[in-house]
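> take a look and give me a structure for this.
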Amino acid sequence: MTNVIVGIILERRIVNKALEGSDPRVVGLERSRACGIHGVLDIATDPTTYHPKSPPFDDIAHAPKPLVPLKSMGSLPSELLSSIHLTLLPIPPCTNVEWYDEPLYPMRIKTLTRLRLVSRQWNDTVLDTPQLWSYIDIDSNVRRLDTTQLSLERTRGTPLHIRVHFGFGEHDDQDPFTQMLERAWSEAHRWETFACHGTAYFPRYLLPPGPLPQLREVYIGGRQDTSPVKIQAPRLETLWELLSLANIETSGAPALKSWAVPHPSNREEWERFIKVVQKCHQLEWLHFFEYHTIPDEALRTLEDWGLPEASGGIYFPSLKQLEFTLYPVSINFLGYIHAPNLQRLIVQRTVLYSYQPAFSILARLFESSPKLDAIRFEADIPLELIQQCLMAVPHDRIAGMEVEIEYQRWLLPQELTEQRECLDSLCLIQWIPIE
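Presented below is the predicted three-dimensional model:
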């Protein structure tokens, strides 16, 4: 890391020195914009520096002559230059849902191309750094599939970060999307992170049914119209499931530490949830996604479902943080938790407050979680619900609790004062302003 920092400092000095030259294309640029990689990109993409016959960004075979007279850049070792590029252009985490809504992949490819246009050394360094090309995005855009194929070839065996847009229609076996998908599936042993959206129709799966030995993070935002598939990922640590997926078997992920999932709402989902918890003893973080509608059956307790765990509870040996919403189904579930290492609760905002939870159940959670000493309430949670929640904390624990309450920064001082007077009498509260 020290070498990377030193390299960034050197790069900025080099760019600053280049700005002192007489070339009219760079004299007018502000030095602050030229510091670091963004300044170099500004220089490289100035309209006066482009060759009129430059090839498309995804078809460049060789970089043209150096576009900018930054001769000192040649003094940077290629290994250090590669480290700088990797630091300033990291792989977006698969749990960042912006990959689905924003064109992150085309922007990344264009950035890599602009780096290659700075100089011949930069071109060679970018092409010789397979990690820069390991972020692979697959969708039905035919032109982008050509770029994806080229990126995959340049990875040269390095771990892959795969993103797939299945869409909501079916694809035949000769479809370019299907062929590209099969090519990526054949490299599943190299996958390190994976995310997907849409629906996988038979005979395709959201995930390859075979072993995924290197996979560490997964985000599933779609469904599969197939028989159950078992995740065989012994190194998987993070799993986000945007939808309830009873036909995804995760017992083959014993190293799972972080799990985000919709709250179970029927017997099948409860059985799967309990099975995952029993198999994944290292689970430290559990996040329940917000309901937008609550089916009536979701309000049932484990006793109502006739599950054997209703009497003995569910044991979480490593759980440290639990995030949930103030639904009756979530509050009821807290009474079944046995988590000796649980330290923190995060109560999420919701649009559904028409159901009244039984806050008295919280006392059972504190009895089974001796280390629980922190609660954070997100903004926009009604004051009366926060008050009822805090009043349910046992008296011998509330005084030592670390309580944080978010509030909108635009809240009027008088309204904020009234809220504080009402709640500060219960315990010491830290008020967190947010935008």
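
> would you double-check that residue 221 falls in a strand?
Yes: membership of residue 221 in a strand is supported by DSSP: H, G, I helix; E, B strand; the rest coil.

> how far away is it from residue 327?
Residue 221 sits 22 Å away from residue 327, going by Cβ to Cβ, to the nearest Å. Bear in mind the C-beta positions are built from the backbone N, C-alpha and C, glycine included.

> who's more crowded, those two?
Neighbour totals were compared for residue 221 and residue 327, and residue 327 leads with 22 against 18 (other Cβ atoms under 10 Å).

> wait, doesn't that one sit right on residue 265?
No: applying Cβ atoms under 8 Å as the test, residue 327 and residue 265 come out as separate, 10.3 Å apart.

> what's the host helix or strand of residue 112 packed up against?
Using DSSP states H and E, residue 112 sits within helix 104-116. Contact analysis of helix 104-116 by 3 or more Cβ pairs under 8 Å, 6 or more residues apart in numbering; DSSP states H and E lists helix 36-44, helix 120-127, strand 135-138, helix 142-154 as its packing neighbours.

> buried ones in the last one?
Going by neighbour count (16 or more other Cβ atoms under 10 Å), the buried part of helix 142-154 is 144-145, 147-149, 151-152, 154.

> so what touches that helix?
Contacting residues not belonging to helix 142-154 are listed as 58, 105-106, 109, 127, 130, 133, 135-139, 160, 176-177, 180, 183-184, 187 [Cβ atoms under 8 Å, 6 or more residues apart in numbering].

> among these, name the buried ones.
Among those, those classed as buried by 16+ other Cβ under 10 Å are 58, 105-106, 109, 127, 130, 133, 135-139, 160, 177, 180, 183-184.

> rank the helices and strands packed on helix 104-116 by mean pLDDT and give me the bottom one.
For the helices and strands packed on helix 104-116, the weakest mean pLDDT is recorded on helix 36-44, namely a mean of 42.

> rewinding a little: list the buried ones in the helix holding residue 112?
For helix 104-116, by 16+ other Cβ under 10 Å, it's 104-106, 108-109, 111-116.

> quick one: it to chain centroid distance?
The chain centre lies 21 Å from the centre of helix 104-116; the measure is Cα atoms, centre = their mean, to the nearest Å.

> any idea how far residue 389 lies from residue 427?
Residue 389 sits at a distance of 11 Å from residue 427 (criterion: Cβ to Cβ).

> next: residue 89.
For residue 89, the distance to residue 427 equals 45 Å [Cβ to Cβ].

> same check on residue 316?
Noted for residue 316: a distance of 25 Å to residue 427, by Cβ to Cβ.

> could you do residue 76 as well?
56 Å.

> ok, now residue 104?
Look at residue 104 and residue 427: by Cβ to Cβ, they are 43 Å apart.

> residue 316 and residue 427: which has the busier surroundings?
Between residue 316 and residue 427, residue 316 has the larger neighbour count (other Cβ under 10 Å), namely 22 against 16.

> chain neighbours aside, what residue packs nearest to that one?
residue 339 (4.2 Å; Cβ to Cβ, 6 or more residues apart in numbering).

> helix or strand for residue 277, which one?
Going by DSSP H and E, residue 277 is in helix 267-279.

> next, the contact list for residue 333, please.
Residue 333 is in contact with 263, 324, counting by Cβ under 8 Å, 6+ apart.

> centre of the chain to the host helix or strand of it, how far?
Assigning secondary structure by DSSP H and E places residue 333 in helix 328-334. Its chain's average C-alpha position is 26 Å from that of helix 328-334, according to Cα atoms, centre = their mean.

> export it as CSV, just CAs?
Extracted in CSV, the C-alpha atoms of helix 328-334 (Å, rounded to 0.1, in the frame of the first residue of the first chain):
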residue,chain,number,x,y,z
PRO,A,328,-45.1,-8.0,13.9
VAL,A,329,-43.5,-10.9,12.0
SER,A,330,-40.0,-9.5,12.7
ILE,A,331,-40.6,-8.7,16.4
ASN,A,332,-42.1,-12.2,16.9
PHE,A,333,-39.0,-13.7,15.4
LEU,A,334,-36.8,-11.9,18.0
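
> what's the following helix or strand after it?
strand 337-338.

> how about residues contacting that following strand?
Identification of contacts with strand 337-338 by Cβ under 8 Å, 6+ apart yields 313-316, 319, 322, 365, 368-369.

> what strands line up against that strand, and which way round?
Partner strands for strand 337-338, per DSSP bridges, with pairing direction: strand 314-315 (parallel).

> now do the strand it pairs with: everything it contacts.
The contact list for strand 314-315 (Cβ under 8 Å, 6+ apart) reads 274, 277, 336-339.

> export the residues you listed to JSON lines and append columns for pLDDT.
Compiled in JSON lines, these are given as follows (pLDDT from 0 to 100):
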{"residue": "274", "pLDDT": "88"}
{"residue": "277", "pLDDT": "90"}
{"residue": "336", "pLDDT": "90"}
{"residue": "337", "pLDDT": "92"}
{"residue": "338", "pLDDT": "94"}
{"residue": "339", "pLDDT": "95"}
